[in-house]
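In: The amino acid sequence is not available; the structure is as follows:
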C-alpha cells in the first residue's frame, strides 16, 4: 500500500498514475487494494497550509446527474473518495466514511464518495448505498473516470483530503479507518485551520 503525503514542503508529489483505457472504449483497468495493515490508520502529516498544492478543478456527477465542481465545497474539509461497487475493500472504506460523515454533522466536513463504475447508472449507485446502509453518503459518480484520471488514481479505494481553502493535504491509496481516533483528530484539526 502506498500512502503519499502531498506537500511542497516535504517535496512529495501526488503520484501520477494513469487509468488504462483503450481507444476502442474498453473499460478502465483499476486495481482493487486491500486494507492498510491491521490497526494502522491514516495520520495526516501537519503541513503549513501555504505549502499545500491547489486541488485541480474536477467534475463529478451528483444524485440528479448534474455535473458538480468539487471546488464548490471550498470552505469545508473534503474527503474525496473513489470506489467501485464491486470492490470489497472499498465497502470497508465507505462504511467508515459513512460513520465519519455521520459523526461530523455541523457541515464542516463533506465526504464525496465517487463511484467509478463505468457500467452502472446513478440508480445503481443509489441502490448500492441504500442496500449497504450508507445513509450519510450522498451518491456521486464519474463513469468516464476523468476526475480520477486527473488526480492519478489507479487503485481503489483511493482518497484525497482537501482543506477548507481547496488545497490537497494528503492522497491515500487503500482502505482507511476514517472514523478512528487518529484520522478523526486529523480531520477535526483541518476544520479548525
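Out: Everything's here; your move. Model, not experiment: these values are computed from the prediction. Numbering: from 1, shown residues only.

In: average pLDDT for the helix ranked longest in the chain?
Out: Secondary structure of the chain read by DSSP state H shows that its longest helix is helix 88-103. For helix 88-103, mean pLDDT rounds to 94.

In: From the contact counts, what lies against that helix?
Out: strand 31-32, strand 77-83, strand 109-115, helix 181-191 (3 or more C-beta pairs under 8 Å, 6 or more residues apart in numbering; DSSP states H and E). (Glycine included, C-beta is placed from N, CA and C.)

In: Format the ones you listed as TSV; extra columns: mean pLDDT and mean neighbour count.
Out: Formatted as TSV, those follow (pLDDT from 0 to 100; neighbours: other C-beta atoms under 10 Å):
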stretch	mean pLDDT	mean neighbour count
strand 31-32	49	13
strand 77-83	97	26
strand 109-115	97	24
helix 181-191	89	17
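
In: Buried residues, the longest helix of the chain. List them.
Out: Buried residues in helix 88-103, counting neighbours by 16 or more other C-beta atoms under 10 Å, are found at 89-101.

In: For the spatially most central residue of the chain, list each beta-bridge partner.
Out: In the chain, the centroid-proximal residue (C-alpha atoms, centre = their mean) is residue 81; its distance is 1.7 Å. Note on residue 81: beta-bridge partners residue 113, residue 159, judged by DSSP bridges.

In: Contact partners for it?
Out: Residues near residue 81 by C-beta atoms under 8 Å, 6 or more residues apart in numbering: 93, 94, 97, 111, 112, 113, 114, 157, 158, 159.

In: excluding its backbone neighbours, what's nearest residue 153?
Out: Closest residue in space to residue 153, ignoring its immediate chain neighbours: residue 82 at 5.2 Å, by C-beta to C-beta, 6 or more residues apart in numbering.

In: you'd agree the one you found is up against residue 155?
Out: No. Judged on C-beta atoms under 8 Å, residue 82 makes no contact with residue 155 at a distance of 9.0 Å.
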